[in-house]
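In: Structure here, sequence nowhere to be found:
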């Protein structure tokens, strides 16, 4: 960039090379892609964070971006010098792909579960690419704003098969005390679970399995998880251009899968006829939505750093 000293003309501009890297400075700038920044803004629960502790070292009156800057640059362990990654954030396998290619593959799974399933479904050649990547723990870069549409007609039977079998009640149908909660109480608890912990809870007893996998209760729980629980990353972010329209369009297609669509905004996700479990199942099969879930996981890690920063201030004063 060109710099002018007082009294100099543009012809006498000094050529100075500037850069923003953690290699040569202890307090550098850093770049965040606009999309990831908007997700961070939406998913870090600022309203639920503690107020700033006035008795700890930090700069007063910071904006969201200002707090992010101080959180990143006041950590005891700084970003690494090659890619700028924070040691306190778990980036998953993505940390090995900063050069935009993957040349190290984690150990494959035992057996080829996904490949075998794909072959059994008639897939061959390029059609098996996703299954090969799953079995060998590979990753795929894909934009995180492509919501899944209902499957083709010949795939609908497979989707319907992804439900739960019924248990025959035993003579003692009372079950554990936890399973005797009212539906409202059970819903309040379950919507705070992750999907994996919800399914683990359903496996604790036959009576619990019957209640938690009943289609109506299962759909209601998934809707609550999407609205305000562990699946909130599925909801579109309004500050991201086009996200609401794309998400609503996909969700309405699922409504028409079971009934006629009757809503035109994000309330479609809570509509009584919306098949939430089928939709969530499809999201977990979608590369785009799984990437979105990965970004959500990192945003939640930053939320923990935010809590720590507001309570304790800087770990190191580099300001």
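Out: Received the coordinates, thanks. All values derive from a computational prediction rather than experimental measurement. Residues are numbered from 1 along each chain as shown.
In: and the end-to-end length of stretch 277-293?
Out: 17 Å (Cα to Cα, to the nearest Å).
In: what comes up buried for that stretch?
Out: 277-283, 286-289, 291-293 (16 or more other Cβ atoms under 10 Å). Every C-beta, even on glycine, is put in place using the N, C-alpha and C of the backbone.
In: With stretch 308-319 instead?
Out: Across stretch 308-319, burial judged by 16+ other Cβ under 10 Å covers 309-310, 313-314.
In: Take those residues and lay them out in TSV including pLDDT and distance to residue 252.
Out: Output for the buried residues of stretch 308-319, formatted as TSV (pLDDT from 0 to 100; distance: Cβ to Cβ, whole Å):
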residue	pLDDT	distance to residue 252
309	93	41
310	93	40
313	90	47
314	90	48
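In: Closest to residue 90 out of those residues?
Out: residue 309 (18.2 Å; Cβ to Cβ).
In: and the closest one, how far is that from residue 84?
Out: Taking Cβ to Cβ, to the nearest Å as the measure, residue 309 falls 19 Å from residue 84.
In: those helices in the protein, which residues are they?
Out: 34-43, 64-73, 113-120, 129-135, 156-161, 183-190, 195-202, 206-212, 215-228, 243-258, 276-285, 287-312 (DSSP state H).
In: Kindly report which one of these carries the lowest mean pLDDT.
Out: Mean pLDDT per stretch puts helix 156-161 lowest among those, at a mean of 50.
In: re the thing from before, for the buried residues of stretch 308-319, work out which two are farthest apart.
Out: The widest separation within the buried residues of stretch 308-319 (Cβ to Cβ) is 11.4 Å, between 310 and 314.
In: can you pull the contacts of residue 152?
Out: For residue 152, no residue meets the contact criterion (Cβ atoms under 8 Å, 6 or more residues apart in numbering).
In: can you pull the pLDDT of it?
Out: At residue 152, pLDDT is 74.
In: to the chain's geometric centre, what's the distance from stretch 237-251?
Out: Taking Cα atoms, centre = their mean, to the nearest Å, the mean C-alpha location of stretch 237-251 is offset from the chain mean by 16 Å.
In: Residue 246 and residue 266: what is the separation?
Out: Taking Cβ to Cβ, one finds residue 246 at 12 Å from residue 266.
In: Which neighbours do those two have in common?
Out: Contacts common to residue 246 and residue 266, judged by Cβ under 8 Å, 6+ apart, are residue 236.
In: coming back round to it: quick one, which of the helices of the chain gets closest to residue 148.
Out: Once the helices of the chain are compared by Cβ to Cβ, helix 276-285 is nearest, at 4.0 Å.
In: Packing partners of the closest one?
Out: Where contact means 3 or more Cβ pairs under 8 Å, 6 or more residues apart in numbering; DSSP states H and E, helix 276-285 is packed against helix 156-161, helix 215-228, helix 243-258, helix 287-312.
In: any residues touching the third one, and which ones?
Out: Meaning helix 243-258. Against helix 243-258 from outside (Cβ under 8 Å, 6+ apart): 145-150, 235-238, 261-266, 268-269, 271, 273-275, 278-279.
In: Just the buried ones from the residues you listed, in PyMOL syntax?
Out: To isolate the buried members of the contacts of helix 243-258 in PyMOL, using 16+ other Cβ under 10 Å:
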select buried, resi 145+146+147+148+149+150+235+236+237+261+263+266+268+269+271+273+274+275+278+279
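In: returning to what we had before: tabulate the buried residues of stretch 277-293 in CSV, adding columns for distance to residue 215.
Out: Formatted as CSV, the buried residues of stretch 277-293 follow (distance: Cβ to Cβ, whole Å):
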residue, distance to residue 215
277, 7
278, 10
279, 13
280, 13
281, 13
282, 16
283, 18
286, 22
287, 27
288, 27
289, 22
291, 29
292, 26
293, 24
